[in-house]
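> Sequence plus the predicted model coming up.
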Amino acid sequence: MRFQIEELRQADGVGPYLQWVEPAVGEIYPQERGPESGSSARNFLVKSLGQKESVYLLGREEKTGKFAGFLFIARREDSFLATSSPFAYLLFTHPDFRRLGLAASLLVEGEKVLKERGLTKLIAPATHNDDAIISMGERRGYLREREYMVKEL
Ligand SMILES: CC(C)(COP(=O)(O)OP(=O)(O)OC[C@H]1O[C@@H](n2cnc3c(N)ncnc32)[C@H](O)[C@@H]1OP(=O)(O)O)[C@@H](O)C(=O)NCCC(=O)NCCS
């Protein structure tokens with residue numbers, strides 16, 4: 001394999017990679033993010049490390065050790081329905097390493113870690129018209145469960 005994947009469970013060691021959270025949020029949540037979203041996402045990620053539902057997988061190019069991408073899963077709560085589930089907040093491959101299978105490998109590993117911890121569900125967000133992401137999910141057994149409609153007021 002061209003990439004090595006490692007799980008980081010403690011805040012130690014995460015520091016150098018936090019710079020990628022903001023670009024990832026920018027690409028994944030272009031409409032929803034606000035001015036504080038980057039720093040909020042970084043703080044949330046660091047605080048959630050070590051929780052049962054949290055999986056932070058770092059992908060690096062095997063030869064050079066360069067950062068290539070990451071997957072960040074954490075518990076997402078719905079206070080209204082009183083439910084919670086692991087949620088894939090960030091799946092991001094650095095533009096230099098796209099279309100080489102890293103995101104697919106991160107997802108396989110993330111699912112494996114969750115299953116080993118006895119968790120039985122993973123929710124992954126997709127923008128409603130992002131056919132590439134939706135097909136990638138559907139080819140891997142993800143089903144579309146809900147869509148949101150938004151009106152700017
Ligand atoms: C989406 C993203 C994570 C894909 O990463 P990647 O490492 O290039 O993906 P992979 O090489 O593992 O490809 C996985 C699958 O997606 C498909 N795919 C990846 N990028 C694609 C694109 N731009 N258009 C169409 N299909 C694409 C691949 O063909 C592959 O298909 P398969 O099911 O036949 O294996 C990456 O483009 C990215 O970081 N984008 C910005 C952030 C983002 O949108 N994240 C997803 C939010 S859930």
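Arrived safely, thanks for sending. Numbering: from 1, shown residues only.

> What count of nearby residues applies to residue 83?
The number of residues packed near residue 83 is 9, by other Cβ atoms under 10 Å. In short, each C-beta sits where N, CA and C put it, glycine included.

> what separates it from residue 111, distance-wise?
20 Å (Cβ to Cβ, to the nearest Å).

> shouldn't residue 14 be in contact with residue 56?
Yes. Using Cβ atoms under 8 Å as the test, residue 14 is close enough to residue 56 to be in contact (7.0 Å).

> Just list whatever residues bridge to residue 7.
residue 57 (DSSP bridges).

> which residues of this protein fall in strands?
3-7, 55-61, 67-78, 83-93 (DSSP state E).

> Just name the most buried of the ones you listed.
Highest mean neighbour count of the strands of the chain: strand 55-61, a mean of 22 (counted as mean count of other Cβ atoms under 10 Å).

> Are that one and the ligand in contact anywhere?
No. Residues of strand 55-61 contacting the ligand under Cβ under 6 Å from any ligand atom: none, with a closest distance of 8.2 Å.

> And that strand, what does it pack against?
strand 3-7, strand 67-78, helix 102-116 (3 or more Cβ pairs under 8 Å, 6 or more residues apart in numbering; DSSP states H and E).

> How far does the longest one sit from its chain's centre?
Mean-position distance between helix 102-116 and its chain equals 11 Å (Cα atoms, centre = their mean, to the nearest Å).

> Same check on stretch 135-153?
Stretch 135-153 sits 15 Å away from the centroid of its parent chain (Cα atoms, centre = their mean).

> Does it reach the ligand?
Yes. Using Cβ under 6 Å from any ligand atom, stretch 135-153 reaches the ligand at 136, 139.

> quick one: average pLDDT of that stretch?
Per-residue pLDDT over stretch 135-153 has a mean of 95.

> Dump the helices and strands packed on strand 55-61 into JSON lines; add mean pLDDT and distance to the ligand as well.
Formatted as JSON lines, these follow (pLDDT from 0 to 100; distance: least, Cβ to the nearest ligand atom, whole Å):
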{"stretch": "strand 3-7", "mean pLDDT": "98", "distance to the ligand": "9"}
{"stretch": "strand 67-78", "mean pLDDT": "98", "distance to the ligand": "6"}
{"stretch": "helix 102-116", "mean pLDDT": "98", "distance to the ligand": "3"}
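
> For those, could you give me TSV that also reports distance to residue 34?
Listed next are the helices and strands packed on strand 55-61 as TSV, based on distance: least, Cβ to Cβ, whole Å:
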stretch	distance to residue 34
strand 3-7	30
strand 67-78	18
helix 102-116	26
